[in-house]
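# Below: sequence and its predicted model.
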Amino acid sequence: MHNLIPRKHYLEKLKKWTNKRVVKVVSGMRRTGKSSLLKLFINELKKNGIEEKNIIYINKELFEFDELKTYRDLYEFVLQRVKSCTTSISSNSFERFLGYFIIIDEVQEIKEWERAVASFLAEGADVTIAGSNSKLLGSDLSHLLSGRYVEINVYPLTFSEFLDFRKKLGKEKVNSPEEAFKQYLKYGGLPAIHILPFEGEVIFQYLASVLDTILYKDVIGRHKIKNVAVFDRVVRYLFDNIGNITSAKKISDFLKSQNLKTSVDTVISYMKALQDAHIIHQVERFNIKGKRQLELYHKIYITDVGLRNSLLGYRYQDLSGILENIVYMELLSRGYKVWIGKVDNLEVDFVVRSVTQPDEIKYIQVCYLLADEAVVEREFKSLLKIKDNYEKVVMSLDKFFPSQIEGVKHVYLLDFLSKTIN
């Protein structure tokens, strides 16, 4: 526990919703730090005077809890723990678990867990659950809890968090943010890489094992995918095309050109399974002038670029897509809703709207370097075509580029990424 580094913006969200009679749903891809967040939350509860006997922690990844198979097992386990900790238990079912904090990690491994969780909440408990599957917030939970839940998405480390982890856990000195950013581009943001020797071979071996676990346990196993060879090619195609406009039909046509026949529906089902495991993000296209969503095409981003690099290798020619992917994940971490934009026949990398301030819209272009006039024109042109008064920004790794052109701002990418999330 003493080695855990707080990720304060997530911890503050959990604390904000404590004792608010809602289920706190911590979701995200495996190995992004959900379990560590729960342990930090338990530490906070203890610091605030909650006795250990009143905290019931269940982690379905531990053999200790292997016998908890169904919602009935889960409910009975908690009930017996409460009975063992008190001389009397309230006969009023609405107060039976009052004063208890029930925290369940990898809750999706328990069949019909929703029924037990809904009962815990109704009986007065403070309930926090975590899982690696987006179906945690499926129709069953929504129906049983009638909106009495709040979702907290946990993502890999942002660059500012990466710098913080290197400072607190790194064994060697990082000379500058630019040097650290080279590592971030290559290795990504999974927290556990910081307790490993910071060597490419070691880190990529770890990342490859994480990717295998996600693909085989959370996707292939859970969704009973039979044609693993085709599934593997779909994964490689998606990882190799981050930041590119794509569609299920385009992927299906590509596979057919490689003598791997598969239907568009199959590709869609594979992509949905990858989304359920939080490993990819499908971002819809938005017509800025028409103010409407375009359903035919979308872009794919992945949750952690390090996983991509462990599969395909870290290649300099992929840098533009990797930078775009990093900015996308940064925007999600900051609580933005994100679309890709279209204005006439030009693309805008991101149209973003603040969840807390829905009237706040920004248009963002991301590029590696504004190396010549042709690149400058290409990156600024689409933003200059947008005639509203919302903020328009081009981000790049040019440290000394002018701060704006015709009202469109330029931001040095590392200045943006280095800001701490509040």
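It's in. Numbers count the residues shown, from 1 in each chain.
# Low-confidence regions, the chain specifically.
The chain contains residues with pLDDT under 70 at 1-3, 87-93, 137-142, 171-172, 289-296, 422.
# what about the strands in it?
23-27, 55-59, 101-105, 126-131, 149-153, 245-246, 280-287, 292-302, 336-343, 346-354, 361-366, 391-396, 404-405, 408-412 (DSSP state E).
# who touches the first one?
Think strand 23-27. Identification of contacts with strand 23-27 by Cβ atoms under 8 Å, 6 or more residues apart in numbering yields 14, 17-18, 34, 37-38, 117, 121, 127-134, 136-137, 141, 145, 148-154, 278. Any C-beta I mention is one placed from the backbone N, CA and C, and that applies to glycine too.
# Spatially nearest residue to Val283, not counting backbone neighbours?
Lys299 (4.9 Å; Cβ to Cβ, 6 or more residues apart in numbering).
# circling back: out of the contacts of strand 23-27, which end up buried?
14, 17-18, 34, 37-38, 117, 121, 127-134, 136, 141, 145, 148-149, 152-154, 278 (16 or more other Cβ atoms under 10 Å).
# neighbouring contacts of stretch 266-277?
The contact list for stretch 266-277, computed with Cβ under 8 Å, 6+ apart, reads 29-30, 132-135, 214, 218-219, 222-223, 225, 227, 230-231, 234-235, 238, 248-249, 251-252, 255, 280-282, 300.
# Could I get the buried residue list for that stretch?
Per 16+ other Cβ under 10 Å, stretch 266-277 contains these buried residues: 266-267, 269-271, 273-274, 276-277.
# Equivalent analysis for stretch 299-316, please.
299-311, 314.
# got the residues you listed as CSV, with distance to Ile103 columns?
Below are those laid out as CSV (distance: Cβ to Cβ, whole Å):
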residue, distance to Ile103
Lys299, 36
Ile300, 33
Tyr301, 30
Ile302, 29
Thr303, 24
Asp304, 25
Val305, 31
Gly306, 28
Leu307, 27
Arg308, 32
Asn309, 34
Ser310, 31
Leu311, 33
Tyr314, 37
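# Give me the distance between the nearest residue to Ala118 once chain neighbours are set aside and Tyr71.
Leaving aside its sequence neighbours, Ala118 sits nearest to Leu144 (Cβ to Cβ, 6+ apart; 4.2 Å). Distance, Leu144 to Tyr71, using Cβ to Cβ, to the nearest Å: 11 Å.
# Mutual contacts of the two, please.
Common neighbours of Leu144 and Tyr71 (Cβ under 8 Å, 6+ apart) are 114-115.
# right, and Phe162 touches Pro191 too?
No - look at Phe162 against Pro191 with Cβ atoms under 8 Å: they stay out of range, at 9.3 Å.
# Those two: which has the busier surroundings?
Legend: neighbour count by other Cβ atoms under 10 Å for Phe162 and Pro191, higher for Phe162 (26 against 20).
# what's that one in contact with, if anything?
180, 183-184, 189.
# Would you quantify the distance from it to Thr213?
Phe162 sits at a distance of 22 Å from Thr213 (criterion: Cβ to Cβ).
# first to last residue in stretch 235-255, what's the distance?
End-to-end distance for stretch 235-255: 12 Å, by Cα to Cα, to the nearest Å.
# Could you do stretch 233-246 as well?
Span of stretch 233-246 from end to end, Cα to Cα: 15 Å.
# And it, how far out from the chain middle?
Centroid separation for stretch 233-246 versus its chain: 18 Å, with Cα atoms, centre = their mean, to the nearest Å.
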